[in-house]
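A.B. asks: with the sequence up front, the predicted model follows.
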Amino acid sequence: MIKKSLCLCVSVVGLFLAFEAFAGQPVEKNYAEHCAACHGAERLGGVGPALLPENLARLNRAGAFKTTAEGRNASQMPGFADKLSADEIKALVDTIYTPLPAVPVWGEKQIIASHLQHVPSGSLPDRPVFNADPLNLFVVVELGDHHATILDGDKFEPIVRFKTRFALHGGPKFSPDGRYVYFASRDGWISKFDIYNLKMVAEVRAGINTRNLAVSGDGRTVLVGNYLPHSLVLLNAEDLALIKVIPAVGQDGKSSRVSAVYQAAPRGSFVAALKDAKEVWEIPYGDGKFPARRIATDDYLDDFFFDQAYRHMIGAARGGKKGLVIDLDSGKKIATLDLPGMPHLGSGITWEYQGHPVLATPNLKEPLVSVIDMTTWQTIKQIKTLGGGFFMRSHENTPYAWTDGFNSTDHRDVMHIIDKRTLEVVKILRPMPGKTAAHVEFTRDGKYVLISIWENDGWLLVYDAATLKEIKRLPMNKPSGKYNVYNKITRSAGTSH
């Protein structure tokens, strides 16, 4: 159904017509071989973003050439300079800056038509069908074959494994009571799964190329941020019925992708950042009207997170050397942060250090973790690591923070253990030498740590959080992330929200 609906708007033949301007270069073959698997045969996005002129406003042709040749930090984008000539890379770049004959429309009509109600609302029992603590479950996303596993966090045994939509992204989000989990796929599908009954409840396609979703603090509304089309989509959390489509248009009148959306439960609002406009939107959800309050920023915000009170938003632009701190009450920037290596703030965590709250974030381009005092917004320390990291996690009941070397070339198999009391790396683990180790998550009580071996023939490794010893491993198909119900719904300081 997905493919059919898209082909009504954009055919493969239409794509090749766009390629004809580059006769003499095997651009169709090169795109199909090197690009289509991630970016879609029609350039509409897949695991990677859509490659259309309207989505490349912040990337000039020289930057696109460099990215295609060398790859890109903070993504799975490899470089192709060892496979393609400079002329072949230029032809690919020229292609992605060529408009399609027609860009698919995906608005209210298409969203409503895509809606699937698998189970009637309210028809399932209110008690779990399994014998396990429903708040100490993990949802494990297995990207290798597009499945998810519900894992018992006490026995570390799978309860069920089920098929998901293509290439889930942005982390699943939970209802406030932890019963339901909501998934967003890269190709726009939003799915609601009933953990208690182990059944898919409803699905809807909210976009063509989607960034992520958020669930309101009252559990009534889902907000979806899209790369294509440039929109925010509000859904009823009960059945995923459409409430409203909000075009993502900056104050300058230019259309923009959405960087990310999050819920700010203490504020009773959603917060979204525009990727191609220097704006943040706060959208209250209490009265059901969803007005957007616009906050101007000094820079684009590609990545952001909040302090525990959700008063301050900390954001950064891709490739920037500084972070911004925005007071959401006043709508003003109050500080600039020294973040030299492109931080992954979506993986930022907080804890108390010598009586002060601090934030810590890995840096993708530099082998260090930045630790910043959240009262003065000054850098306390840059903790050196073996390689640039991507994920960082901790828990209130452990003295340690864990971060990987995911974004490095030679140290993707390491896990750094940082003592939160001394800000020193006290141990370096290589869980499976030569295989990528990533994405730590703790059990509800903080006694155990789960690590992903990010390979198609991968594993989920369980460690004792005190002794740092491995106690169990489970085979998984590229387990990109695992998410503990309790830690997520209580907004633990040690994990992403």
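C.D. replies: All right, it came through fine.

A.B. asks: and for the residue lying closest to Thr375 once chain neighbours are set aside, the neighbour number?
C.D. replies: Nearest residue to Thr375, sequence neighbours excluded (Cβ to Cβ, 6 or more residues apart in numbering): His356, at 5.3 Å. From N, CA and C alone the C-beta is placed, and that goes for glycine too. The local packing of His356 (other Cβ atoms under 10 Å) involves 12 other residues.

A.B. asks: show me the domain layout of the chain.
C.D. replies: 2-96, 346-497 (automatic domain parsing).

A.B. asks: report the beta-bridge partners for the residue nearest to Thr375.
C.D. replies: Tyr353 (DSSP bridges).

A.B. asks: before we move on, what about the one 5 residues further on?
C.D. replies: For Thr361, the residues forming beta bridges with it (DSSP bridges) are Ser370.

A.B. asks: now Ala91, what's its secondary structure?
C.D. replies: helix (DSSP: H, G, I helix; E, B strand; the rest coil).

A.B. asks: could you pull up the mean pLDDT of stretch 144-159?
C.D. replies: Stretch 144-159 shows a mean pLDDT of 97.

A.B. asks: what do you get for stretch 408-423?
C.D. replies: Average pLDDT, stretch 408-423: 96.

A.B. asks: now the end-to-end length of it.
C.D. replies: Length of stretch 408-423, first residue to last, Cα to Cα, to the nearest Å: 21 Å.

A.B. asks: for it, which positions count as buried?
C.D. replies: By neighbour count with 16 or more other Cβ atoms under 10 Å, stretch 408-423 contains the buried residues 408, 411-418, 420, 423.

A.B. asks: closest one of those residues to Cys35?
C.D. replies: Arg412 (23.4 Å; Cβ to Cβ).

A.B. asks: so who does that closest one touch?
C.D. replies: By Cβ atoms under 8 Å, 6 or more residues apart in numbering, Arg412 lies in contact with 387, 404-406, 436-438.

A.B. asks: which of those residues lies closest to Gln117?
C.D. replies: For those, the nearest to Gln117 is Ala438 (35.6 Å; Cβ to Cβ).

A.B. asks: which stretches of the stretch 201-350 of the chain form strands?
C.D. replies: With strands called from DSSP state E, counting those that start in this stretch, the stretch 201-350 of the chain shows them at 209-215, 221-228, 231-236, 242-247, 258-264, 269-274, 279-284, 293-296, 303-306, 312-316, 322-327, 332-338, 349-353.

A.B. asks: would you single out the least confident of those strands?
C.D. replies: strand 303-306 (a mean of 89).

A.B. asks: and the contacts of it?
C.D. replies: 259-260, 262, 264, 271, 273, 312-316, 318, 343-346, 348, 359, 496-497.

A.B. asks: wait, which of the domains of the chain is closest to Pro284?
C.D. replies: That would be domain 346-497 among these, by Cβ to Cβ, at 17.9 Å.

A.B. asks: that closest one spans what distance, first to last residue?
C.D. replies: So domain 346-497: terminal residues 8 Å apart, Cα to Cα.

A.B. asks: give me the number of residues near Phe162?
C.D. replies: 12.

A.B. asks: and it, what are its bridge partners?
C.D. replies: Ala148.

A.B. asks: that one and Glu455, how far apart?
C.D. replies: Distance, Phe162 to Glu455, by Cβ to Cβ, to the nearest Å: 21 Å.
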